[in-house]
Structures are given as structure tokens and as C-alpha cells.
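[1] Predicted model and sequence follow; I will ask about them next.
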Amino acid sequence: MPSGVRVPGAVRLATRGSPLALAQARSVAALIAEAAGGDVATELVVVETAGDRRRDVPLHEVGGQGLFVKEVERAVLEGRADAAVHSAKDLPASSAVLPIVAVPERADPRDVLVGRRLAELGPGAVVATGSVRRRAQLAWLRPGLTYRELRGNMATRLSAVPAGGAVVAAMAALCRLGWEDRAAEVLSTAAMLPQVGQGALAVCARPGDDGTAELVGRIDHAPSRRALAAERAWLAAVGGGCELPVGAYATTGENGGLRLEAVIASLDGRVLVREHAAREAGGDPAGLGAELAARMLDECGGRALLGVSASPAP
């Protein structure tokens, strides 16, 4: 059946058309069907975005995370789909988007190296990545590496491993594609903090569409939602995105408490501010994110550091 044509009783999920996006949307569709006892059909509505069309330009130069969001959500707003499936890391923290009605259980949030391990990269070795966050933290860990811009779908990226170098990718992406065996090294969050929302999916629906919200809300994973809320509140307070070298990662403990760790770096990785904060069970995740951001910006020099990172290169 053509994409966008309603199947009676089906939940239509808008998604980008890359293999990774389709794998993510299919996983959400399977969760919805399982939660409904198999009584609900699902359909994917594939949307091509400006970010997919402009793969020759660095992502942070052509609109950042929001580049992959607007057209997908337009399909929902125009009634061609009922909900949108996003990588949570693609959702801008400060701009208006459709409300998140479900966050499934988060996958592995860590970054990986494909090609050589970090200890195997010699002086001047080339690391390919389109992320300023990854570049800055790698430069802090290993001064002397060189970097190459990288865009495209995951298959394109993994085919571009430099000789003697590495490509940086998200472990969650490799796992969703069944390619986890391609990782030469999984970088711990102690070494490299992930992008806000990395490894998590966010399912969004139209305001007022209570039927879709109730149905999709059955696949919500409360610990993952709380962690994402803390990270996104931190990012909104910092005012950054994939165009700035920042990262954050929240975890929940067995007692329900929440711990948030975040980093603000200079673009060259020479200066790095890394701090953490925690809330007991029942604490406000958004408050935790805002609190940590205020401390990092005003007490730890983060505001001045972001000002330098946001300035155009001479």
C-alpha cells in the first residue's frame, strides 16, 4: 500500500528512510503491537528530509539536529501519520516540537571506534566524524590526532574508515543494524560522554490526539524517560546542540535516584569542564538538568567556554 494511505485501525509512524531510521521505527512498531496484544496494526510513513538530501554539508552548518525533525513531524501535523519516531538526540532542546508521548527503553548510549582502537592510533592518525562533541573529547584524551568531516548513512560512514585511523559511531546504531561486531572499541562514558539522548528513541504525537498518545504511551520506559528529561533540560539551559562541543548522560539507580553528568569543551579539546549532580528518587529531572547547567555555566567557566566555541573561526 502506498506510504501515507491509511490502513483502517493502523497506527501510522512517520520516519526517515535511512536503514537505521527504518530499523528504529520497526522496533517501535513491534513494541506497540506487543503492548496491544497484537490487536493493533502499524504502518511506516517514510519521509525524506533536508538533512538526507544535503549530505555534502556538515550537519552543524545546515541546521543541526532539527534538520531531521521538521519534515517528519510535518507528516504528523498534516495528518499523513499519527506519530513520529525520532532518535532522541536529533530533537532540538529549545525549539517547539510535537510532545513526546513515549520513550522506549534506551539502548547502549556509548560511542565506539570502528577501525583502530584509541591506543592504536598513532600521532596524526585520522579520525572521521561529523560531531564536534566527539572531536573535542577525543582531542582531550589524545592530543595530536587529526579529523576528517563525515556525513551519510551508517553504511557510508563505516565504508570511510581512514587508513590507520578510525570512524566514530554510536553503539546503539550498530546494534540496531546488527553490526555491533564492527566496533573495534567501545568508549566508556567515563572517557567520552554521549550526545544528549544518544541511544534513546522518542515517539511524538499531535497535541490532543489522546487515542494515539494512550496507545503509544504503553511502550514508555519510565527510567529512560526521566533520564532523557534531565539531559534535555540541561541542554536547553546550556543553549547548545550538535553544533557545540557538549554532552550529557543521566542514569537511574536501583533506588530510583537520578545522576546526571555533563561536559562542556572547547572546540580544540584543550579545555574541558565536566561536572555531575544527583537527585533522590522522585526528584524533578528537569530541575536536576537546570541546576547542573547553571553551576557549569556560572561557577565553572562554561559560559565563557561556550562563547569561544560558538565564535566563528578566524
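    Nice, I can see it. Residues are numbered from 1 along each chain as shown.

[2] got the domain boundaries for this protein?
    Domain segmentation of the chain under automatic domain parsing yields 11-104+200-220, 111-187, 227-309.

[3] Look at the residue nearest to the spatial centre of the chain and give its secondary structure.
    Nearest to the geometric centre of the chain sits K89, at 2.0 Å (C-alpha atoms, centre = their mean). Assigned with DSSP: H, G, I helix; E, B strand; the rest coil, K89 falls in the helix class.

[4] roughly how far apart are it and G287?
    Look at K89 and G287: by C-beta to C-beta, to the nearest Å, they are 22 Å apart. Bear in mind the C-beta positions are built from the backbone N, C-alpha and C, glycine included.

[5] just A293 next, same as before
    Separation of A293 from G287 (C-beta to C-beta) stands at 11 Å.

[6] tell me, what's touching the two both at once?
    The overlap between the contact sets of A293 and G287 (C-beta atoms under 8 Å, 6 or more residues apart in numbering) consists of A233.

[7] Between these two, which has more neighbouring residues?
    Comparing A293 with G287 by other C-beta atoms under 10 Å, the one with more neighbours is A293, at 26 against 14.

[8] So that one sits against V238, correct?
    Yes. With contact defined as C-beta atoms under 8 Å, A293 counts as touching V238 (5.0 Å).

[9] tell me, what's touching the two both at once?
    With C-beta under 8 Å, 6+ apart, A293 and V238 have common neighbours A262.

[10] circling back: can I get the domains of the chain in JSON lines with distance to P194 and mean pLDDT?
    As requested, those are exported to JSON lines (distance: least, C-beta to C-beta, whole Å; pLDDT from 0 to 100):
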{"stretch": "domain 11-104+200-220", "distance to P194": "8", "mean pLDDT": "87"}
{"stretch": "domain 111-187", "distance to P194": "6", "mean pLDDT": "95"}
{"stretch": "domain 227-309", "distance to P194": "5", "mean pLDDT": "91"}
